[in-house]
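Undergrad: Okay, predicted coordinates and the sequence, questions at the end:
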Amino acid sequence: MVQRPLQAFYCCISSSFMASDKPSTLYFFSLDAIRGFAALIVVLCHWQFFFYKDYTVQTAPLEDFHLPLYSLFSILYHHAFYAVDLFFLLSGFIFFWFYAEKIAKGTINFNYFITYRFTRLYPVHVLSLLAIIPLQMWMVKQSGHTFIIQNNDYWHFLLNLLVIHSWGFEKTPALNGFNGPSWSVSVELLLYLLFFLLAWRRQYDKKGLLILIVIAGAVIQAFYPMIGQGIYSFFLGALVYHIYSWLCTKKDVRKLTRNVAITAALLWCYILLEYYFSFSRQLFFSFTHKALPAWTDDNNEKIFYLATNTFFRTIVSPVTVLALAMAETIKSGIRAKWTQVLGNASYCLYLIHFPLMVASAVLVNALGLPQTIFQSPLTLLIFYIVLITLSILGHYYFELPVQQTLRQKLIKKRKSTVPAAIIPEG
């Protein structure tokens, strides 16, 4: 029998308190929390779409859009795209923590693994895909153009339906049609297959191989950014897990945890100071002007951006995840129910925020309201309230019941040694 939504909610919450002194049985509430917050931050990154010319082309810098609470959240408006890297990083950490050894030992086979992962991704993906079609059609009828996303044709619909719309089959990379943010879902599915192959071949603990895969991801990113980005961050998350696992075996783990936490705090202080005062950028430009006078400012800008991008993705995010995971390990879990609720709903939140944006634009056009309404903090607040409410309801009243039904039908009578309620959502 399929659990009722509220029963599933209670089971999911209560089972997550199961913890012991072993890191392998710990539930990472803080990682759930930052996954949820990352999904909320992505909304800020996309809020600028409301101010594009014809909801299609950016014709002015973000500073000129008068985005709501821009002075307070400008760092998020400009750099929220790092949140997607964080999704991949967290997935890599969680999968190597929870699944890798079980797959290597045969406790979890491919059918079980791919069924659980596919049923996690597919229901909300299809729902958001089907929801975006009438909304974009309405937008075209109103204004003669779609909202941001192009390539909304039969070919890209088929690719989206099969969740392979970011595997290189699309006509133009990064223009994969329909629900744009779902590109990361497509890449995530590809990463699942790569991960299973690695674990099944018992190569999941080969650190040298993982480093080579991370480097390969960086190279691939130069040619196909989406897949390269996913590979880089996912397997970097695997390395973070191995560092975490190694540190947890040390006698002075509490001291090490404190040192890692201090390092993470210092890194974030540096990031904030650099954003607001740009002292590293000024030093870099000053050095290159003297040492390499032939270099243009444009070249300097590109190199500095690449350096800061790599620094954040390779150092700041991983150290932050490591600090949170270690802190929870020595404290036997931070028992905050809301973090798991937000974390579990984060996938639904991430996928439905774009259809909700299209619906908002359609509604504003239909009511004849000015586009400047999206500059209001109140509008942003209302959007978040509606989005979070729909996401939580969608997770517990649609996503979970559909998952359970599909898993029962696809896995049939196969029994797993892993309780379904504590399988991480990843």
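TA: Cool, got the structure.

Undergrad: how about Trp47, what does it touch?
TA: Under the criterion of CB atoms under 8 Å, 6 or more residues apart in numbering, the contact list for Trp47 reads 67-68, 77, 374, 380. C-betas here are computed from N, CA, C, even on glycine.

Undergrad: among these, which two are most distant?
TA: Greatest spatial distance among the contacts of Trp47 (CB to CB): Tyr77 and Phe374, at 13.0 Å.

Undergrad: pLDDT wise, what is Leu410 at?
TA: Model confidence at Leu410, expressed as pLDDT, equals 87.

Undergrad: so who does the nearest residue in space to it that is not next to it in sequence touch?
TA: Here the nearest residue to Leu410 in space, its sequence neighbours aside, is Thr115; by CB to CB, 6 or more residues apart in numbering that works out to 4.7 Å. Contact analysis of Thr115 by CB under 8 Å, 6+ apart lists 406-407, 410-411.

Undergrad: Among these, which one sits closest to Val341?
TA: Looking at those and their distance to Val341, the nearest is Arg407, at 21.1 Å (CB to CB).

Undergrad: And the closest one, how far from Leu400?
TA: In this structure, Arg407 lies at 11 Å from Leu400, with CB to CB, to the nearest Å as the measure.

Undergrad: hang on, Trp167 in a strand?
TA: No: per DSSP: H, G, I helix; E, B strand; the rest coil, Trp167 lies outside any strand segment and is coil.

Undergrad: Could you check how many residues crowd around it?
TA: Here the count is done by other CB atoms under 10 Å, and Trp167 has 17 residues near it.

Undergrad: again with Ala104
TA: The local packing count at Ala104 equals 17, with neighbours defined by other CB under 10 Å.

Undergrad: my read: it touches Tyr204, true?
TA: Yes: taking CB atoms under 8 Å as the contact criterion, Ala104 and Tyr204 are neighbours in contact, 6.3 Å apart.

Undergrad: Just give me how far the helix or strand containing Leu121 sits from the chain centre.
TA: Applying DSSP states H and E as the criterion places Leu121 in helix 110-143. On the basis of CA atoms, centre = their mean, to the nearest Å, helix 110-143 is displaced by 16 Å from the centre of the chain it belongs to.

Undergrad: measure the residue nearest to Thr320 when sequence neighbours are not counted to Ser91 for me?
TA: Taking CB to CB, 6+ apart, and ignoring the residues beside it in sequence, Thr320 has Ala264 as its nearest neighbour in space, at 5.0 Å. Between Ala264 and Ser91 the distance is 20 Å, computed by CB to CB.

Undergrad: And for Leu367?
TA: In this structure, Leu367 lies at 40 Å from Ser91, with CB to CB as the measure.

Undergrad: Between the two, which is the more surrounded one?
TA: For Leu367 against Ser91, the residue with the higher neighbour count under other CB under 10 Å is Ser91, and the figures read 24 against 8.

Undergrad: circling back: ok, and the most crowded of the contacts of Thr115?
TA: Using other CB under 10 Å as the neighbour definition, those reach their maximum at Arg407, which records 19 neighbours.

Undergrad: pLDDT weak spots in the stretch 151-300 of the chain?
TA: Judged by pLDDT under 70, the stretch 151-300 of the chain has its weakly predicted residues at 173-174.

Undergrad: Show me where it has its strands.
TA: With DSSP state E, counting those that start in this stretch as the criterion, the stretch 151-300 of the chain has no strands.

Undergrad: which residues in it form helices?
TA: Secondary structure of the stretch 151-300 of the chain, counting by DSSP state H, counting those that start in this stretch: helices at 154-161, 183-200, 207-223, 225-247, 253-277, 279-291, 297-311.

Undergrad: so of those, which one's packed in deepest?
TA: Greatest average neighbour count among the helices of the stretch 151-300 of the chain goes to helix 225-247 (a mean of 22), per mean count of other CB atoms under 10 Å.

Undergrad: what angle do the host helix or strand of Gly92 and helix 110-143 make?
TA: Using DSSP H and E, Gly92 sits within helix 82-98. Direction vectors for helix 82-98 and helix 110-143, defined by axes from the mean of the first three to the mean of the last three CA atoms, to 10 degrees, enclose an angle of 160 degrees.

Undergrad: before we move on, back to that, which residues touch the residue nearest to Thr320?
TA: Applying CB under 8 Å, 6+ apart, one finds that Ala264 lies in contact with 316, 319-320, 322-323.

Undergrad: so how many other residues sit close to the closest residue to Val260 other than its chain neighbours?
TA: Once its chain neighbours are removed from consideration, Val260 has its nearest residue in Ala323; the separation is 4.7 Å (CB to CB, 6+ apart). As a burial measure, Ala323 scores 22 neighbours (other CB under 10 Å).

Undergrad: same thing with Val163?
TA: For Val163, using other CB under 10 Å, the count is 21.

Undergrad: just to revisit the earlier point, let's have the helices of the stretch 151-300 of the chain in CSV, adding distance to Leu40.
TA: Formatted as CSV, these follow (distance: least, CB to CB, whole Å):
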stretch, distance to Leu40
helix 154-161, 24
helix 183-200, 15
helix 207-223, 25
helix 225-247, 19
helix 253-277, 18
helix 279-291, 28
helix 297-311, 22
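
Undergrad: Can you tell me which of these is nearest to Phe110?
TA: helix 183-200 (6.2 Å).

Undergrad: Which other helices and strands does that closest one contact?
TA: In terms of contacts (3 or more CB pairs under 8 Å, 6 or more residues apart in numbering; DSSP states H and E), helix 183-200 is packed against helix 82-98, helix 100-105, helix 110-143, helix 225-247.

Undergrad: starting at the chain centroid, how far to that helix?
TA: Its chain's C-alpha centre and that of helix 183-200 lie 14 Å apart, by CA atoms, centre = their mean.

Undergrad: what are the C-alpha coordinates of stretch 185-195, in CSV please?
TA: Presented in CSV, the C-alpha positions along stretch 185-195 are these (Å, rounded to 0.1, in the frame of the first residue of the first chain):
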residue,chain,number,x,y,z
VAL,A,185,18.5,17.1,-14.1
SER,A,186,19.6,15.7,-17.4
VAL,A,187,23.2,16.0,-16.5
GLU,A,188,22.5,14.5,-13.1
LEU,A,189,21.0,11.4,-14.7
LEU,A,190,24.2,11.0,-16.8
LEU,A,191,26.3,11.3,-13.6
TYR,A,192,24.2,8.6,-12.0
LEU,A,193,25.2,6.2,-14.8
LEU,A,194,28.9,7.2,-14.6
PHE,A,195,28.8,6.9,-10.8
